[in-house]
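Enquirer: Structural data only, the sequence is not supplied:
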């Protein structure tokens, strides 16, 4: 009897520990406003985009998920579509894609993911970027480069269809890729990627410490925004009309990440390997930009509502 009582006490203790752990984990999904400082982002940087410049959206599919998995405080019964949308920036000096979304081989790409990701990824396919470009009379050879906001699979899947187009990354993200770190498996499986590494040789830009002006006219400016990955970036696109965009990559997954503000749930951040402090700094800067310059339209990579004002290729906005 004594042995049975000891075993029952041990089991009861283990059960209590499990219950406490489950409750603690669920609490990490509850609403918790992120306390970020107001940042002095300075004056609106000048830009002289050429008359022939334009922007188009190229939707390639979506992943279905719950708002609770997108940001702290999201509802479990709020089903969200995580958009996989590339951006085409046409410029007289060279056309650029920002990310690529799903490629034609996305089914194979998903099967190459870790088992947990495969089981939790419910996706819908649209037309891949390469096919959309072809339908509009463009080829990969008409692209000067692809700017990656970061190297995760859902942002690079379409590279598989674009041949030898230069893939533009900063030094930190190139190191992340070369280290063959978790979540770079797909990109590292592609053969003969033509990397074009750039430096942040420019000065501060809207609160970010440095910048890279792609064409030297302020029309496409990349800034370092590490945290989601070591070399994640924000890409500012400034059109001739005066309309401005900021492609945020996966700094946040939905606009609530900036508007509330709210971070991603703890479990998702740990699975990704995010640097929380860096992401918080990036969110603070973007939130301050949004407050001071509401004319800059923020584009979290996976929030379809953010892309609705951008015409779908072959249509475009100047």
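Expert: Ah, there it is. Only a predicted model underlies this, so the values are computations on that prediction, with no experimental measurement involved.
Enquirer: what's the burial count for residue 178?
Expert: The number of residues packed near residue 178 is 11, by other Cβ atoms under 10 Å. All C-beta spots, glycine's among them, are computed from the backbone N, C-alpha and C.
Enquirer: correction: residue 107
Expert: The local packing count at residue 107 equals 11, with neighbours defined by other Cβ under 10 Å.
Enquirer: Please identify the buried residues of stretch 126-138?
Expert: Burial within stretch 126-138, assessed by neighbour count using 16 or more other Cβ atoms under 10 Å, is assigned to 126-133, 138.
Enquirer: Tell me the one among those residues nearest to residue 106.
Expert: Proximity of those to residue 106, judged by Cβ to Cβ, is greatest for residue 128, which lies at 7.7 Å.
Enquirer: can you tell me how far the closest one sits from residue 158?
Expert: Taking Cβ to Cβ, to the nearest Å as the measure, residue 128 falls 6 Å from residue 158.
Enquirer: Please enumerate the shared neighbours of these two.
Expert: Listed contacts common to residue 128 and residue 158 are 60, 101-103; contacts here mean Cβ atoms under 8 Å, 6 or more residues apart in numbering.
Enquirer: Looking at neighbours, which among the residues you listed is most surrounded?
Expert: Comparing the shared contacts of residue 128 and residue 158 by number of neighbours (other Cβ under 10 Å), residue 102 comes first, having 31 neighbours.
Enquirer: Make sure that one is indeed in a helix.
Expert: No. When DSSP: H, G, I helix; E, B strand; the rest coil is applied, residue 102 is found to be coil, with no helix at that position.
Enquirer: Look at it and report its pLDDT.
Expert: Taken from the predicted model, the pLDDT recorded for residue 102 is 96.
Enquirer: Now for it: which residues touch it?
Expert: Taking Cβ under 8 Å, 6+ apart as the definition of contact, the neighbours of residue 102 are 60-61, 84, 109, 123, 125-126, 128, 154, 157-158.
Enquirer: so where's the chain uncertain?
Expert: In the prediction, the chain carries residues with pLDDT under 70 at positions 1-3, 5-29, 31, 116-120.
Enquirer: Name the nearest residue to residue 127, sequence neighbours excluded.
Expert: residue 60 (6.8 Å; Cβ to Cβ, 6 or more residues apart in numbering).
Enquirer: thinking again about what came up before, so which of the buried residues of stretch 126-138 is the closest to residue 234?
Expert: Looking across the buried residues of stretch 126-138 and measuring by Cβ to Cβ, the closest to residue 234 is residue 129, at 20.7 Å.
Enquirer: give me the number of residues near the closest residue to the closest one other than its chain neighbours?
Expert: The shortest distance from residue 129 to any non-neighbouring residue, by Cβ to Cβ, 6+ apart, is to residue 158 (4.4 Å). By the other Cβ under 10 Å criterion, the neighbourhood of residue 158 contains 28 residues.
Enquirer: Residue 88 now?
Expert: Around residue 88 sit 24 other residues, with neighbours defined as other Cβ under 10 Å.
Enquirer: so how far is residue 198 from it?
Expert: For residue 88 relative to residue 198 (Cβ to Cβ), the value is 19 Å.
Enquirer: What of residue 271?
Expert: 29 Å.
Enquirer: How about residue 147?
Expert: Separation of residue 147 from residue 198 (Cβ to Cβ) stands at 9 Å.
Enquirer: Which one of these two is surrounded by more residues?
Expert: Residue environment comparison for residue 147 versus residue 198 gives the larger neighbour count to residue 147, 26 against 16, counting by other Cβ under 10 Å.
Enquirer: correct me, but the more buried one touches residue 98?
Expert: Yes. Look at residue 147 against residue 98 with Cβ atoms under 8 Å: they come within range, at 5.0 Å.
Enquirer: Now do the shared contacts for these two.
Expert: Shared contacts of residue 147 and residue 98, defined by Cβ under 8 Å, 6+ apart, comprise residue 235.
Enquirer: show me where the protein has helices.
Expert: Shown for the chain, the helices assigned by DSSP state H span residues 2-27, 106-111, 115-120, 129-135, 153-156, 171-178, 185-189, 256-259, 266-272, 276-292, 304-307.
Enquirer: List the buried residues for stretch 90-104?
Expert: When burial is assessed from 16+ other Cβ under 10 Å, stretch 90-104 yields the following buried residues: 90-91, 95-104.
Enquirer: just curious, which of those residues is nearest to residue 207?
Expert: When the buried residues of stretch 90-104 are ranked by distance to residue 207 (Cβ to Cβ), residue 98 comes first, at 20.4 Å.
Enquirer: Distance of that closest one relative to residue 77?
Expert: The gap separating residue 98 from residue 77 is 32 Å, by Cβ to Cβ.
Enquirer: Show me the domain layout of the protein.
Expert: Structurally, the chain divides into domains by automatic domain parsing as follows: 1-28, 38-44+51-307.
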